[in-house]
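[1] Whatever this is, show me its structure:
(chains A and B)
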Amino acid sequence: MIIAIVLIFLLSNDPSRTIYYFFIGPFTNRYYLGNLLNSAIPLVFSGLGIAVAFSSSAFNLGGEGQVYAGALVTTAVCLALPNANGLAGGIAAIIAGTAVGGILAGISGYFKMKWNADLLISSFLISAAAVLIVNFFITGPMDDPASSLLSTPKIADQYRLLRIFKPSKLDISILFALLAAVAVYSFMYHTRRGYEMRMCGLNPEFARYGGVNTKTYVVLPMVLSGALHGLGGGLVVTGTHHMALKEFTFGVGWNGIAVALIAKNHPLGVIPAALFFAYLEAGAKAAMLHSDVTFEIASIIQSVIFYLVTAQAIFSFVRNKGRENA
Amino acid sequence: MSGDFSLPVVHNAVGIMAPFLLAAVGGLFTELAGMLNIALEGLMLIGAFSSVVFASATGSLFLGVLFGILSSVLIAYLFGFVSLKLKANVFISGLATNLLASGLTVVLAFKLFGSKGVIQFPDAPRLPVLSIPALQRVPLLGDLFIGHNVLVYFSWIFLVLAAVVIYKTPFGLRIRATGHDSSTVESVGLKPSRYQMEAILVSGFACGAAGSMLTLNLQAFVPNITSGRGWIALVVIYLGNKKPLGILIASFVFGCAESISNYAQGFINIPADFILAFPYIITVIAMVGYSAVRHYRAKKV
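    Numbering: from 1, shown residues only, chains lettered A, B, ... in the order given. Next comes the predicted model:
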């Protein structure tokens, strides 16, 4: 925090204004606050997806491709059914996007189960290929010729989720995000399957001796993880953008990993972690619009905060200091 | 494919692969020391920026590359300090390093040159190209290996050096031991974090050189000029099975893919995205196939 403020003093000609907008800006009006909450939604989903994988015995480095592919497929289904019933068609589209995410990650899980192929590598590579292929569809066959953006046409009105906090882009999918976190939490901590999954993560040998079929628990967490990513991607389309743009979910997959790590892989911890991430992003945008700093400076400040956020040494140092004083 | 078409493609591939090779060999050290180094991208970007700026300011190619490497090592030190001394999560501090690099380069570019877009450095010295006319006439060899810039040859030397260091020196052994089981290193009275830090600095060195190649070739800096090359270097490490020879082959594969996609845009009607996706798909198939073979072999025994 102090370092961030020092940086702002160094880089800005009007530091107090910059500091104000960076830290307080996101809360000054409905538009900023709503958009802050809105940008946390995909992070909640990818954070949950990663938390599920990491707290089991699975590793998913392919979130980037899973979110992007989920978003594309959801868009494609919506575009293919321009006149369908909003609810039924919308659910079908979201399910399709979720399924694609699940399949992409599930492939890695299957290879791991069948032949012990490294999950980190295969999920990362499959996702990297998926990103390029999605790029191809968005800039090629599905490109909207009427628009100068590298994007698909907009989806029909009946698929667009209700905006609940105008004029911001916040829509009802924030409720889905909260529900998803609670659902993942209850599954992981209050069902037998969830318990067995976590047991495989903590100690696979112990789980195997306890009669758990450890092999299934490689595929299941991967599918769940990919599905959550795909779902997040789908909701970004129906909730926020109403179309798929080239690389519009860029970074969600990687940031989801950071969110899950900050949350220590706890599903409910993912919500504040995602909000924290979104807050930094929103602060950067507000500071950029209202003072003389650029978005890039904001990203430097963001990076400093990330450096320190998981720095355990600092926390324990502060804690020890506190104890000495007490 | 006719001979006069495929040779320039492969010749270009040999040039294109060099930054992947350098960054991947640097990343190999951190990988062997047991850290997933996702900061390769950011370190390359820092090297790319400062090398061209210093080369243009000093008029010396050597100083440019040197400063490119130094600034990348400096940021690598910061990354290592936060990860090892402050015990931050390596993944998050790596992500932060990439953010820092992309922000810092643009901010500095704007402060120094008043532009956030492409910045030309026409007065920056060009990377000298090795040309040996006598050897160039040798078929195949001359076509493929002669006529690249000096950093391409540097990347080969660096690969060989790295292989020697990793497998033949106590330092390399300790790095590998740290990644394999850090408690063994501790049990003989050595500090694993010291070797991890040194591995990070080596990756900074290599990424600095890799980055300087990108900008010095162009005599220009473009924001985020690395455009994912650091990530590909990470893939190259895995694809190469964390071995120097494997990394050489893997970066050649990526070099070819990029080179073919550059050429194909003018010739064949295959979208570039598909060609670029190709190495990933092949790698997955190769990796899974390899695992399957190993799996069935283990079963037979």
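[2] all strands of the stretch 1-150 of chain A, in order?
    Read by DSSP state E, counting those that start in this stretch, the stretch 1-150 of chain A holds no strands at all.
[3] Repeat that for chain B.
    With strands called from DSSP state E, chain B shows them at B:119-120, B:220-221.
[4] In CSV, list these along with distance to chain A.
    C-beta coordinates here come from the backbone N, C-alpha and C atoms, glycine included. What follows is these, written out as CSV (distance: least, CB to the nearest CB, whole Å):
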stretch, distance to chain A
strand B:119-120, 14
strand B:220-221, 14
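[5] Out of these, which is the most enclosed?
    Comparing the strands of chain B by mean neighbour count (mean count of other CB atoms under 10 Å in any protein chain shown), strand B:220-221 ranks first with a mean of 22.
[6] Packing partners of that one?
    Judged by 3 or more CB pairs under 8 Å, 6 or more residues apart in numbering or on different chains; DSSP states H and E, strand B:220-221 is in contact with helix B:40-58, strand B:119-120.
[7] how close does the residue lying closest to residue B:97 once chain neighbours are set aside get to chain A?
    Closest residue in space to residue B:97, ignoring its immediate chain neighbours: residue B:39 at 3.9 Å, by CB to CB, 6 or more residues apart in numbering or on different chains. To chain A, residue B:39 is 11 Å away according to CB to the nearest CB, to the nearest Å.
[8] I'd guessed residue B:39 sits against residue B:99; true?
    No. Between residue B:39 and residue B:99 there is no contact, the gap being 10.1 Å when judged by CB atoms under 8 Å.
[9] Could you check which of the two has the larger neighbour count?
    Neighbours per residue (other CB atoms under 10 Å in any protein chain shown) separate residue B:39 from residue B:99, with residue B:39 holding more: 34 against 23.
[10] so who does the more buried one touch?
    B:76, B:79, B:93, B:94, B:97, B:98, B:203, B:230 (CB atoms under 8 Å, 6 or more residues apart in numbering or on different chains).
[11] could I get the residues you listed as CSV with pLDDT?
    Listed next are the contacts of residue B:39 as CSV, based on pLDDT from 0 to 100:
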residue, pLDDT
B:76, 95
B:79, 94
B:93, 87
B:94, 89
B:97, 91
B:98, 89
B:203, 95
B:230, 87
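[12] thinking again about what came up before, single out the most deeply packed of the helices and strands packed on strand B:220-221.
    Mean neighbours per residue, mean count of other CB under 10 Å, is largest over the helices and strands packed on strand B:220-221 for helix B:40-58, with a mean of 28.
[13] What is the distance between that one and the centre of its chain?
    Remark: helix B:40-58 is offset 14 Å from the chain centroid, using CA atoms, centre = their mean, to the nearest Å.
[14] and if you look at stretch B:82-91?
    On CA atoms, centre = their mean, the centre of stretch B:82-91 falls 23 Å from that of its chain.
[15] Need the contact partners of that stretch.
    By CB under 8 Å, 6+ apart, stretch B:82-91 touches A:257-258, A:261, A:307-314, B:35-38, B:93-94, B:96, B:193, B:196-197, B:200.
[16] all helices for chain A, in order.
    Using DSSP state H, the helices of chain A run over residues A:2-11, A:15-19, A:30-55, A:63-80, A:86-115, A:119-139, A:173-190, A:192-202, A:204-209, A:216-235, A:252-262, A:270-290, A:295-309, A:312-325.
[17] Backbone dihedrals for the residue nearest to residue B:97, both of them.
    Main-chain dihedrals, residue B:39, degrees, to the nearest 10: phi -80, psi 0.
[18] give me the number of residues near residue B:181?
    Neighbour tally, residue B:181, other CB under 10 Å: 12.
[19] Report the contact partners of it.
    Counting by CB under 8 Å, 6+ apart, residue B:181 touches no other residue.
[20] Tell me how far it lies from chain A.
    Distance from residue B:181 to chain A, by CB to the nearest CB: 17 Å.
[21] Residue numbers of the stretch 151-300 of chain B in contact with chain A?
    Within the stretch 151-300 of chain B, the positions near chain A by CB under 8 Å from any CB of the partner chain are B:231, B:234-235, B:238-239, B:271, B:273-274, B:276-277, B:280-281, B:283-284, B:287-288, B:291-292, B:294-295.
[22] out of those, which are buried?
    Neighbour counting with 16 or more other CB atoms under 10 Å in any protein chain shown marks B:231, B:234-235, B:238-239, B:271, B:273-274, B:276-277, B:280-281, B:283-284, B:287-288, B:291 as buried within those.
[23] where does the chain dip in pLDDT?
    You didn't pick a chain, so chain A it is. For chain A, the stretches with pLDDT under 70 are A:1-5, A:7-13, A:292-294, A:298, A:310, A:312-326.
[24] wait, I meant chain B there
    In chain B (pLDDT under 70), the answer is B:1-6, B:134-143, B:265-270, B:301.
[25] one more time with 50
    For chain B, the stretches flagged by pLDDT under 50 are B:1-3.
[26] What ranges does it have for its helices?
    Using DSSP H, helices in chain B cover B:3-32, B:40-58, B:61-80, B:90-113, B:133-136, B:141-145, B:150-168, B:170-180, B:182-187, B:192-218, B:229-239, B:244-267, B:272-300.
[27] mind checking which of those helices is nearest residue A:66?
    Of all the helices of chain B, helix B:272-300 sits nearest to residue A:66, with 14.5 Å by CB to CB.
[28] Show the secondary-structure elements that the closest one is packed against.
    If you count contacts as 3+ CB pairs under 8 Å, 6+ apart, helix B:272-300 packs onto helix A:86-115, helix A:119-139, helix B:229-239, helix B:244-267.
[29] would you turn these into TSV with distance to residue A:22?
    Output for the helices and strands packed on helix B:272-300, formatted as TSV (distance: least, CB to CB, whole Å):
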stretch	distance to residue A:22
helix A:86-115	34
helix A:119-139	31
helix B:229-239	28
helix B:244-267	39
